[in-house]
Every structure is written in C-alpha cells, then in structure tokens.
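**Q** below are the sequence and a predicted model; questions follow.
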Amino acid sequence: MTMQVSVVIGTYNRAHLLKGTLEALASQEVPGSLEWEIVVVDNNSRDTTAHVVAAFSKTTATPVRYVFEPRQGLSRARNRGIEEARGSIIAFTDDDVLPAPDWIAQTAAAIDRWNAHGVGGRILPRWEGSPPRWLTGNLHLLICLSIMDFEAGCRLVLPLEAQPQVWGANMAFRRELFERIGQFDPRRGMIGRKLFRSEDTDLVNRALEDGLTIAYDPALTVLHRIGPDRMRKAYFRKMTFDDAQVEARTRSVFSGPAFFGAPLWLYRVAFTDFWKWVGLGLLRRPGAFDQQLAWLSSAGRLSGYWKVSLAGLRGASDRAGQSGRQAR
C-alpha cells in the first residue's frame, strides 16, 4: 500500500513528555486500509530521547523512524521531517501533545472532506496542575498556550485574526503544498530556549496568499499538556518578548524615519506602554499584567530591529575589511 499519512514530531530534551505522545499515537484507531508512519526528529537533544524512541518502536506495528537533526530550531526539525516523510499527507504534532484516538483517521478524512491542501483542529488544554485564575480567565494568555476551540468548521481566509486558525500542535498538509510554497521559515519557531513562535501561521498565510485551501475541522482533536512551568507569569513575559523580537527580525523592512534600525514611532509606543504599565501597577489595577506584556512586546520588537541593524553593521565592516585586505 502507498504510505498515506506521516506524523512528524520535532522534539528537544523532552523525553519524559515524548513518551506520552508516542503512547497516544500507539492507541490510534486507524482503518486497515490506511497506511501511516511516525517520524520523530530529535533536534539535538541531550536526554534519553533516542532511547525512548527505540524502546517504543519495539512495541508497535506502526513504522517508527528516528531522525537526528543537529541544526537547532523547531522549524528546522519539521523541515527535516518533511524531507524524511514518505506519506502523501504530512501531519504535525508536538512532543507535549496527546492526539485523540481517532486523530489520524480524522486527519485523512478532513483533507478529503474539505478538498483542502491543509487542515487543523481543536487544541484543548490538559492542565498538569491547578491553573491560576489570572490564566484561565484571560483569553489572550490561553491563545499564547496554543489553545484552539471552535465548534464549527470553516475554510480559512485572510487576514487570520479571531477566526479559527491552524496551529502547530494539530495540523496536516498535502505534500504538494510544500513543493508549491516552500517549507517552514527557520527564523521562526522555538530555537532551544528561545520561545519564538509563528512558524505555523506564517506557513498558513503563505498558503492562503497562494490560493491554496486550508480548513479548520473540530473533528481533529488533541490535548496540549501544560505543566506548572507554563502557568507562571515569567513564562508569558519571556514568550511575549521573544516572539516580538523574532517578528521584528523577520519583518525588518519598513518606511518612515528610524533610529538605530527601528522606526521612531515604535520608541513612542514602547515609552507609552511602559508608563501605562507603571501606572496600572502602582494603582494595583487588574490590567497591569496585560499592560506589562504590551510593553514587553514593544521592547521585544525594538530589540529585534536593533539586532538586524547590528548584523548589518557587522556585515558592512567585514566586507570593508575584506576589500582592504584584497587592495593591499
């Protein structure tokens, strides 16, 4: 039989979580006519990831392949998975996710049902502890945790805003989509401990801009395991700053006056956001934390522009030095 679905999991130093994801995949209820495989891409882990995959592969009839990708970054791991996968449909999930027992079958069915080039679905939280009220009552923070729960399916349209979206923990694409628009942007997505994001939405945006069909289908369901480390405000502070930084670095072209590579208006925004946060904090208003995140987003974007500017200066200096040596 032709391989129909390849499940790609990029993982980095999460052997203890990866085991649960693999066990959930082992419990899949898949029609006998559907051929599928699992491709685990070890993104330079230093823990027991290789051992976990080897042990698991001996317990299942499903083909399991272990691939080592030394170049750090979730996008690089996923791109390596695309190259290694044999399926006509390439599905992605994460090493802290538990797919529902019918996830593989529903993924293949949804691709046909929507006549789509890509599909995604529900991402529901599985709290690994008691979540604080400031988290569960804040829709923005839940979105930061990649929680996606809409009851109605739909085809996605631009711009991607409040409508259902397709995110990395639960998404699948026909192979030809990557042949047409390219792979994941390696500048985006988590890199080591850097909480960069948006590699998934960037891919979906590019697909929609190219006229491809991407659909959200609530029949595709996974559980996102959320540990105590991601129920702390420090986690959201770091994520907000890191994500804003990479967004600026990947969209560094702009018009208008600038200072040290960053638009002047962004300095004003960062200054205003900072003092709004200070004021709300001193008054102990409920929105103080959200305002702090707004300031960190502005600061992260400034940092991203500065890094691009510094890289340009270094590049110019290196080229000038090389020209000087050649002239001598």
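**A** It's in.
**Q** so what's residue 150 up against?
**A** Taking Cβ atoms under 8 Å, 6 or more residues apart in numbering, we find residue 150 in contact with 122, 164, 216, 218. (Glycine included, C-beta is placed from N, CA and C.)
**Q** show me which of the residues you listed are buried.
**A** Listed as buried from the contacts of residue 150 are 122, 164, 216, 218; burial here means 16 or more other Cβ atoms under 10 Å.
**Q** dump those to JSON lines, plus pLDDT and secondary structure.
**A** Formatted as JSON lines, those follow (pLDDT from 0 to 100; DSSP: H, G, I helix; E, B strand; the rest coil):
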{"residue": "122", "pLDDT": "97", "secondary structure": "strand"}
{"residue": "164", "pLDDT": "93", "secondary structure": "coil"}
{"residue": "216", "pLDDT": "97", "secondary structure": "strand"}
{"residue": "218", "pLDDT": "97", "secondary structure": "strand"}
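**Q** what are the ranges of the helices in this protein?
**A** 15-26, 49-57, 74-84, 103-113, 133-136, 139-144, 175-181, 199-209, 233-250, 264-282, 288-327 (DSSP state H).
**Q** any idea which of these is most buried?
**A** Each of those was given a mean neighbour count from mean count of other Cβ atoms under 10 Å, and the largest, a mean of 22, is that of helix 74-84.
**Q** and that helix, what other elements does it pack with?
**A** strand 5-11, strand 36-42, strand 64-68, strand 89-94, helix 199-209 (3 or more Cβ pairs under 8 Å, 6 or more residues apart in numbering; DSSP states H and E).
**Q** could you list the low-pLDDT ranges of this protein?
**A** 1, 252, 313, 315-328 (pLDDT under 70).
**Q** what's near enough to touch residue 21?
**A** Per Cβ under 8 Å, 6+ apart, neighbours of residue 21: 9, 93, 94, 95, 96, 97, 98, 99.
**Q** redo that, cut-off 6 Å
**A** 95, 97 (Cβ atoms under 6 Å, 6 or more residues apart in numbering).
**Q** quick one: contacts of stretch 86-105?
**A** Contacts for stretch 86-105 (Cβ under 6 Å, 6+ apart): 3-9, 11, 14, 17-18, 21, 24, 27-30, 36, 82, 107, 111, 169, 171-173, 175, 221-225.
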